[in-house]
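A.B. asks: Predicted model and sequence follow; I will ask about them next.
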Amino acid sequence: MGNAEHTAHDHSHDHGHAHHHEESWVSKYIFSQDHKMISKQFLITAIFMGVIAVLLSIFFRLQLGWPGEKFQILNFFLGDKWAPDGLLDKNAYLAMVTIHGTIMVFFVLTGGLSGTFANLLIPLQVGARDMASGFLNMLSYWAFLISSIIMVASLFVEGGAASGGWTIYPPLSALPQAMPGSGTGMTLWLISMVFFIASSLLGGLNYIVTIINLRTKGMKMTRLPLTMWALFVTAILGVLSFPVLVSAAVLLLMDRSFGTAFYLSDIFIQGEALDVTGGSPLLFQHLFWFLGHPEVYIVLLPALGISSEVISTNSRKPIFGYKAMVGSILAIGFLSFIVWGHHMYVTGMNPFLGSVFVFTTLLIAIPSAVKAFNYITTLYQGNIRFTPAMLFSIGLVSTFVTGGLTGIVLADSALDVNVHDTYFVVAHFHIVMGMSAIFGMLGGIYHWFPKMYGRMMNTKLGYVHFWFTLVCGFGVFFPMHFTGMAGATRRYYAYSESPFLELVMDFNTIISGFAVVGGAAQLLFLFNFFHSMKYGQVATQNPWGSNTLEWTTPVKHMHGNWPGAIPEVHRWAYDYSNPDHEEDFVPQVVPMKPGEQAH
Amino acid sequence: MKLLIILVIVLAIIAIVQLTKVYEFTRALRKSKEEEISPADNKLNANLMVMWMLTFFIGTLYLYGRYGDYLPEPASEHGKDVDWLMSVNIWMITVMFFIMNAMLFLVAWKYQYKKDRKARFFAHDNRLEMVWTLIPGVAMAFIIVFGLITWNKITGPASKDALQVELYSKQFGWIARYPGADGEFGAANYNLISTKNEMGLVSKELIAGKIEELDADIDALKKQLEENAKLPVMPESYVETLEDKIYRLERHKQRILDLGEFKEPSGKSNWETGADDNIVKGEMHIPVGKEVEFVFRSQDVIHSAYMPHFRAQMNTVPGVPTRFKMTPTITTKEMRGKLGDDKFDYVLLCNKVCGNAHFNMQMKIVVESQEEYLAWMEKQKTFAGEPATEAAPAEGTEAPADTTKNAMMPAAQASVKTTR
């Protein structure tokens, strides 16, 4: 790399640190080791994956909303094998559901959300030239890209993609005889996940090391913006829990390919009694959910961090209860490791163990409630500017509260018996985790777009996008609570066989209608995003009047982030409307006035 | 059609592009910036917040009113406890839902941007924070205590005279088995499963039959191998496949030969107690007012036995027997009367994705009076082929009523809760 003919990177570089070399197009845009570029790579990949996941969900919503009806559009996208005459095939339906969940949880909301914002914000907000290891960071992105490609490719193999649900419980996922999707599709799913986990670990280690070691002078841990705390705890959760999923996946691969029986016992399938005894399908569930539950917070915490930042900035008020917010992030992070069993109340797990998990799970409600109250108090007596990012963050508080409350029902094992694996669960986690995290991500994109691309996104389109997304999001998921309480089971291709679920059919049409409109509304975002990248209004250095360090860097990206020395930090990140100051914001780099109290 | 779809998409994109251009043009004229939110925009969004809140709340109330208790009243004893606890929980979270969302949206509306106001510098208040740590703490304590009381009731041991029913799941259907006159299930083993013996029950005859079947298969394969060996061209992979098949069948045979026999508490061999078991498909009958303990087994993958009207659910896991007990309180007939629906039936659904026909893997449940139940049972055949003269014993552990019947068919099928 070195001396190519480009001109884009020729801004002032002579300021005393070691980033002088010119870069080729390839090393700048493809094999970049710059955290800002890697962040954009993650974001674009995640948006691409997100489009696929939303499309898949619309495909299966069409079948659920109008069962048995023929949609040429399905045939157009899926072909004659999966949607003959436009009628979705039963196996294809399960594959869509599975890959939708997998992509959303892992690729969009883990890789996409953490990958984008941890990479963009960590060096900028702690005051570092780059990540601790730019090379590992690059590897992290490339592992992510490879795993994304494998996952998408698995949609096209013989037999179709993995179809056993995103939780891939064996024996269903272990036995190719059990369903077509458990063949090559499942193998690719597992391989893709191994790459994904490698990516996540490389990224996570980097984030942790950078936050601990590369903070600029004066940036005490207690002065870190809440985004940093959230991303820090997220990275720790990932590093501790993802390896367990690797072991689960490797054991499953061995069961599939090498005749072991970790998860299999006493199985007779397709006319053959298999030579397996002594394994336990429950072992897989324990291993899976040991990752799976922290994963929920890996998805959620960055969104909460982003919204803390956005809400404080746009209320022009300090975040309420900074210490309590940090404390609740830590508490949620810790508790998330000892609650996985609440996914397994009706698996035949020892009921006493179930009781323990009821206790630990419900404890999480306390730090979560503290966070919700603190958000509202931050808004209280503020001076709120409704930027699109702010709208999404307020929306996030609403979804976090609304979805979180139904979690209380699901955490209660006695109640879970009747709503386990029903649409009540689908409603709960789509609102509390799906919508909240997506809102956090979209809010983050609107807020930091000027930092990423040096231009502003269109505000008006942002408004339309938000209101459509909020209304359609709740329109899709809120009614599902009621179908769930009525006994509507999950992952059903159709409800025509269950006359007692007549209401589900009425509901499903409405829900699918909202899903189609809500999905279409995302086109506004896509257009706004890509259009503004090129033609948006050029951004100023600190468009939102924000305190954190990233807004002290030049608009145009450069290696090393700051021309000259890294600024020193003198105060916390939330001195908004501080009565000691004229302006309604005081950036962290402003020294304390004599006699001013630190907060 | 495809063309039309593409056309619509293209037109939509062009429309958005044009609108944006117009918008950007006017913005350039007005010299406003994206980051400066105009008072009109702030006001609009603040008002939309309140409008959305009202829509959201009215929608929620409508849904509660119309569909809040769509599922009929619980038809089981513990179901009443579950429903009571559920309503307490739902009340509590619904109240919190209204309070929190109202606070959020109203605060957002009230404190919308005003040019001449400065936000209050209000960074923390320990007393306030203590309050909203304690309130959820106390609420959770209540929920945990009441939840666990109910949970312990549901999962506690079944009474001794409970009727035992085995529910057996496979892709894609349910089979129910009643222990018959002796009150004991015959042993079962997956190695003995065949078209005639779907649940893999064990008896000397069935073992002999299965081994014979396997031997025949092995011989046929060996013969095939020998005959093919004479052919000039014989792909190696084909030989390997055949040899592998033979090897697996021999292992299968060995596993059957390894099956152990032991004595039940009643003194009978566990290979003999299955003769009087009743195996039924299509519909399962249970008597009202009597505790039923379900024992679940699965043939292939994980399924879940979900009986929403009884507020009951338990996964069926291959290799790991599971249990759930309940006492039905309302017969099918009574429930039909209550709902005014002659066609109503209780159902057992599969609620763990298990393959492409997951969605219609179900079984009818009939709850009826003890007499009707006994009458129905009498019509069922035992596994050995005899009509079931004696249904499940009134007092479960009391000795089998008719031992001579067993003596008449010594090597019938066997039994035990769930033998491997």
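C.D. replies: Received, thanks. Quantities reported herein were computed from a predicted structural model and do not represent experimental measurements. Numbering: from 1, shown residues only, chains lettered A, B, ... in the order given.

A.B. asks: Check the residue nearest the centre of chain A and give its pLDDT.
C.D. replies: The residue lying closest to the centre of chain A (Cα atoms, centre = their mean) is residue A:109, at 1.7 Å. pLDDT recorded at residue A:109 is 95.

A.B. asks: same question, residue A:11
C.D. replies: 43.

A.B. asks: Also residue A:531?
C.D. replies: Note for residue A:531: predicted pLDDT of 91.

A.B. asks: which SSE is the closest residue to it other than its chain neighbours in?
C.D. replies: Spatially, and ignoring its direct neighbours in sequence, residue A:531 is nearest to residue B:20 (6.5 Å; Cβ to Cβ, 6 or more residues apart in numbering or on different chains). To be clear about C-beta, it is placed using only N, CA and C from the backbone, and glycine gets the same treatment. Secondary structure from DSSP states H and E places residue B:20 in helix B:2-30.

A.B. asks: tell me what that helix is packed against?
C.D. replies: Under the contact criterion of 3 or more Cβ pairs under 8 Å, 6 or more residues apart in numbering or on different chains; DSSP states H and E, helix B:2-30 touches helix A:72-82, helix A:502-535.

A.B. asks: Endpoints of stretch A:536-550, how far apart?
C.D. replies: Terminal residues of stretch A:536-550 are spaced 20 Å apart (Cα to Cα, to the nearest Å).

A.B. asks: What residues sit buried inside that stretch?
C.D. replies: By neighbour count on 16 or more other Cβ atoms under 10 Å in any protein chain shown, the buried set for stretch A:536-550 is A:536-537, A:539, A:542-550.

A.B. asks: One more: stretch B:350-363?
C.D. replies: Using 16+ other Cβ under 10 Å as the test for burial, stretch B:350-363 gives B:350-356, B:358-363.

A.B. asks: Break down the stretch 251-400 of chain B into its helices, ranges please.
C.D. replies: Applying DSSP state H, counting those that start in this stretch to the stretch 251-400 of chain B gives helices spanning B:332-339, B:370-379.

A.B. asks: any chance of the ones you listed in a markdown table, with distance to residue A:142 and mean pLDDT too?
C.D. replies: As requested, the helices of the stretch 251-400 of chain B are arranged in a markdown table below (distance: least, Cβ to Cβ, whole Å; pLDDT from 0 to 100):
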| stretch | distance to residue A:142 | mean pLDDT |
| --- | --- | --- |
| helix B:332-339 | 60 | 94 |
| helix B:370-379 | 65 | 93 |
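
A.B. asks: Any chance of TSV for those helices, columns mean neighbour count and distance to chain A?
C.D. replies: Putting the helices of the stretch 251-400 of chain B into TSV (neighbours: other Cβ atoms under 10 Å in any protein chain shown; distance: least, Cβ to the nearest Cβ, whole Å) gives the following:
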stretch	mean neighbour count	distance to chain A
helix B:332-339	15	9
helix B:370-379	15	22
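
A.B. asks: okay, these in JSON lines with distance to residue A:185 next?
C.D. replies: Listed next are the helices of the stretch 251-400 of chain B as JSON lines, based on distance: least, Cβ to Cβ, whole Å:
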{"stretch": "helix B:332-339", "distance to residue A:185": "42"}
{"stretch": "helix B:370-379", "distance to residue A:185": "45"}
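
A.B. asks: one step back: from the buried residues of stretch B:350-363, which is closest to residue B:341?
C.D. replies: For the buried residues of stretch B:350-363, the minimum distance to residue B:341 (Cβ to Cβ) is 17.6 Å, reached by residue B:362.

A.B. asks: Bridged to that closest one, which residues?
C.D. replies: With DSSP bridges as the criterion, residue B:362 is bridged to residue B:349.

A.B. asks: For the stretch 251-400 of chain B, which residues are neighbours of chain A?
C.D. replies: Contact residues (Cβ under 8 Å from any Cβ of the partner chain) of the stretch 251-400 of chain B with chain A: B:251-252, B:255, B:296, B:299-302, B:304, B:306, B:308-309, B:311-315, B:317-323, B:343-344, B:347, B:349-360, B:362.

A.B. asks: For ChimeraX, write the select line for the buried members of those.
C.D. replies: The ChimeraX selection below is limited to those of those classed as buried (16+ other Cβ under 10 Å):
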select /B:252,255,296,299,300,301,302,304,306,308,309,311,312,313,314,315,317,318,319,320,321,322,323,344,347,349,350,351,352,353,354,355,356,358,359,360,362
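
A.B. asks: Fine, thanks again, bye for now.
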